[in-house]
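[1] Kindly generate the corresponding structure for this input.
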Amino acid sequence: MLTREQIDLLVQGQDDDPFGTLGVHPAAEGGFTACVLLPEAIAVEAQTLAGKAVGTLERVHPDGLFHGKVTIRKRQPLRYVATYGDGGGYDLIDPYGFGPVLGPMDDHYFSEGSHGRLFDKLGAHIIDHEGATGTHFAVWAPNARRVSVVGDFNRWDGRRGMMRHRADAGVWEIFLPDVGPGSAYKYEIVGADGVTLPLKADPFAFQSELRPSTASIVATPQDHIWGDARHREHWRTSDARRQPVSIYEVHAGSWQRNDDGDFLTWDELANRLIPYVVGMGFTHIEFLPISEYPYDPSWGYQTLGLYAPTARFGDPAGFARFVDGAHRAGVGVILDWVPAHFPTDEHGLAHFDGTALYEHADPRKGFHPDWNTAIYNFGRREVAQYLVNNALFWAERYHVDGLRVDAVASMLYLDYSRKPGEWVPNDHGGRENVEAVAFLQQMNKALYGNHPGVMTIAEESTSWPGVSQPVHSGGLGFGFKWNMGFMHDTLRYLARDPVHRAHHHDDITFGLMYAFSENFVLALSHDEVVHGKASLLHKMAGDDWQKFATLRAYYGLMWGYPGKKLLFMGQEFAQRDEWNEDRALDWQLLDHGPHLGVQQLVGDLNHLYRSRAALHARDCEGEGFEWVLVDGAADSVFAWQRRAPGARPIVIISHFTPVLRHGYRMRLPSGGRWREILNSDASVYGGSGAGNMGMVEADEEGWANITIPPFATLMLELDY
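    Now for the predicted structure:
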């Protein structure tokens, strides 16, 4: 018989071992007894899972605790049929009659920090277990006194979902029969001090409620039949550094909206965005973060549900269909990934079990002053393991082609955005975050080792050495790094009045001093067209005609410059206004010739870039670049050659003054006929139409007289 102390602990939700009391247990006098907590019930009958009655339980506490003998031959899960005072009924299969799902090796690998399949173990998984179908829940909360899973299935009553504690790993688990897809749930956690915390969303939730609701959702097991084998094999067997990579950066919530102004679903995005990207010639779509996040104006960068595609655009299956559709069309999908920080919303990771679990306890290491967020404790093996598994998860479950890692610089430096006294030096007295370095290296090794067709890209704004060098060589192991210097220098140059550009020639030429020190992506991203920075069009100096001409010339320069390409949505048709996440892009601008001309140019640049190996195959290697004219400062003219083995060389000439230069004397790399394969001043793009009638003749020594239009970029390909 239960003692009064046991009864009180159960009804108060304070039993340290609910599996030792609830469920079926041998009786001292022989046979078995059953115990269940069903508040509001007035009578409970115990049955086998097959529906055979095996006993009637006695209510031993008015809060709904029932106990009594059952006639069974062996210990087994039972079904309880409850009757309420209003005559209604309720039945459930007793979760406390089932054994654990996790095993000792899970505990071992998790505690060691080497578990590579955590997303198969933690979170909510629909499984068949010991003769029943239901959901297995597991969560890491090592310092909690009690953890319960709560939802509509148990009336959000933590006393009815108390979990089994696997003390060696600090993991709590329970199998709940008959809980199926679509069930909303959270974790009720009682801290070591006995205080019940605000309900927590599941760190491993694979689906979430639409904001402002914050519960996790038991996701339908993914059953998508993928048709992207050809796409994945191409990238698995290719060296991405020598492939054309032209990325269209997209905020999924504001690229377009439906007629009511609401978000498009993943299927609607697939029907509109994928054909557009294919037509424009981009090789990849890069989404601003699409893992679940609570606050729209954060654009997804303050994410809380790292394993769940946001509910804003539909269910997770919709995102899988989008990725598959993109792959079948030959387009890769890259996700912005944010291990640099997380918001402190009470339902999230902050003080998850009543302690600084995912973050540092010391705010000098665990608080991010720029974003008012917490910082992951990268030195804690369970936290690093959580993040590494998340990178692997997106590559495996959703076949994503890459992760662009946000704010890497803020991770690498302990004094990032901090004043003296506001940060803690490392063990060597330095400012480098050696724990973050180790985590990034671990993540890159795991991702490239398990998914060789996937790329990682670092947004790293300093001169940290070896960002895109292999880990075994002492690098961070990224595939690519954003070239922030290219963006800053070139935009500063183009913002100057043309008359002053001759004095700042090195804004363009300096970048070639380090262009091959990393595997670079030239990024004109969302960060450059918000918060009063103006759109790219309005960053250009001059009147409206000059702005359009300069922007076209700039794109020509960029697509001819060494490095992979990235352009934020809307800039491909010269969006006039800054980006606003609350509304769609200004697609009506395409009714006007200058905007349509810029869009046509970007599409043509992409197709040239992809079709000419000279423009992409040595993007990351110095042998693919050579200056043709580096000292044309007086005329604001730049010229260089791009080349690759077996490819026809291409000369790029960029000019940034309003002067039409006829008969400009320049020595090309070789004599012969050079076809003008691109002229950003062509009338089809909205330009003046000046040019070379499609061809430039160079003498035996390479000297040629070239017409260089105002504010224009030319591409000349040797015509053997």
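[2] What are the boundaries of the helices in the stretch 51-200 of the chain?
    Using DSSP state H, counting those that start in this stretch, the helices found in the stretch 51-200 of the chain span residues 104-112.
[3] In it, where is pLDDT below threshold?
    Along the stretch 51-200 of the chain, the model assigns pLDDT under 70 to no residue.
[4] if you set the cut-off to 80 instead, what comes out?
    Applying pLDDT under 80 to the stretch 51-200 of the chain flags the ranges 87.
[5] Strands of that one, residue ranges please.
    Taking DSSP state E, counting those that start in this stretch, the strands of the stretch 51-200 of the chain run over residues 53-61, 65-70, 79-84, 89-93, 123-129, 132-140, 146-151, 164-166, 171-177, 184-190.
[6] Can you give the strand pairings for the second one, parallel or anti for each?
    Partners of strand 65-70 in the sheet, by DSSP bridges, are strand 32-37 (antiparallel), strand 53-61 (antiparallel).
[7] Now tell me what touches the first one from outside.
    Pointing back at strand 32-37 there. 2, 10-11, 21-27, 44, 46, 55, 57, 63-70, 72, 75, 78, 80, 94, 96, 159-160 (Cβ atoms under 8 Å, 6 or more residues apart in numbering). The way it works is simple: take the backbone N, C-alpha and C, and place the C-beta from them, glycine included.
[8] coming back round to it: so of the strands paired with strand 65-70, which one's packed in deepest?
    Mean neighbour counts were taken over the strands paired with strand 65-70 using mean count of other Cβ atoms under 10 Å, and the top value, a mean of 23, falls to strand 32-37.
[9] Next, the angle from that one to strand 89-93.
    Relative orientation of strand 32-37 with respect to strand 89-93: 120 degrees, computed using axes from the mean of the first three to the mean of the last three Cα atoms, to 10 degrees.
[10] Number of residues surrounding residue 497?
    Using other Cβ atoms under 10 Å, residue 497 has 9 other residues around it.
[11] Could you tell me how far residue 659 is located from residue 501?
    Taking Cβ to Cβ, to the nearest Å as the criterion, residue 659 is separated from residue 501 by 12 Å.
[12] for residue 193, same thing?
    65 Å.
[13] So which of those two has more stuff around it?
    In this comparison of residue 193 against residue 501, neighbours counted by other Cβ under 10 Å, the higher total goes to residue 501 at 20 against 9.
[14] excluding its backbone neighbours, what's nearest that one?
    The shortest distance from residue 501 to any residue that is not its chain neighbour, by Cβ to Cβ, 6 or more residues apart in numbering, is 4.7 Å, and that residue is residue 636.
[15] For residue 542, give its distance to residue 498.
    Following Cβ to Cβ, the distance that separates residue 542 from residue 498 is 7 Å.
[16] what sits in contact with each of those two?
    Shared contacts of residue 542 and residue 498, defined by Cβ under 8 Å, 6+ apart, are found at residue 658.
[17] More neighbours: those two, which one.
    Neighbour count, other Cβ under 10 Å: between residue 542 and residue 498, residue 498 has more, with 18 against 15.
[18] Contact partners for the closest residue to that one other than its chain neighbours?
    Closest residue to residue 498 in three dimensions, ignoring its sequence neighbours and counting by Cβ to Cβ, 6+ apart: residue 657, at 4.7 Å. Listed by Cβ under 8 Å, 6+ apart, the contact set of residue 657 reads 498-499, 501, 635-636, 710-711.
[19] could you flag which of these are buried?
    In the contacts of residue 657, burial by neighbour count holds for 498, 501, 635-636, 710-711, counting by 16 or more other Cβ atoms under 10 Å.
[20] Out of those residues, which is nearest to residue 240?
    The nearest member of these to residue 240, counting by Cβ to Cβ, is residue 711 at 33.2 Å.
[21] got a list of what the closest one touches?
    Here residue 711 is in contact with 498, 546, 549-550, 552-553, 655-658, 681 (Cβ under 8 Å, 6+ apart).
[22] and if you look at residue 387?
    Residue 387 sits next to 306, 339, 376, 378, 439, 443 when contact means Cβ under 8 Å, 6+ apart.
[23] And it, how close does it get to residue 289?
    In this structure, residue 387 and residue 289 are separated by 14 Å, where distance is defined by Cβ to Cβ.
[24] Name the residues that touch the top helix by length along the chain?
    Within the chain, and with DSSP state H defining each element, the longest helix by residue count is helix 593-611. Applying Cβ under 8 Å, 6+ apart, the set of residues contacting helix 593-611 from outside is 244, 246, 279-283, 544, 548, 551-552, 555-556, 559, 565, 567, 572-574, 589-590, 615-616, 677-678, 680, 684-687, 715.
[25] Please narrow those to those residing in strands.
    Applying DSSP state E to those, the entries found in strands are 246, 565, 567, 677-678, 715.
[26] now, which of the residues you listed sits nearest residue 530?
    Set against residue 530, the nearest of the ones in strands among the contacts of helix 593-611 by Cβ to Cβ is residue 567 (15.0 Å).
[27] Contacts only, for that closest one.
    Listed by Cβ under 8 Å, 6+ apart, the contact partners of residue 567 are 246-249, 524, 602.
[28] Low-confidence stretches in the protein?
    Under the criterion pLDDT under 80, the flagged ranges of the chain are 1, 87.
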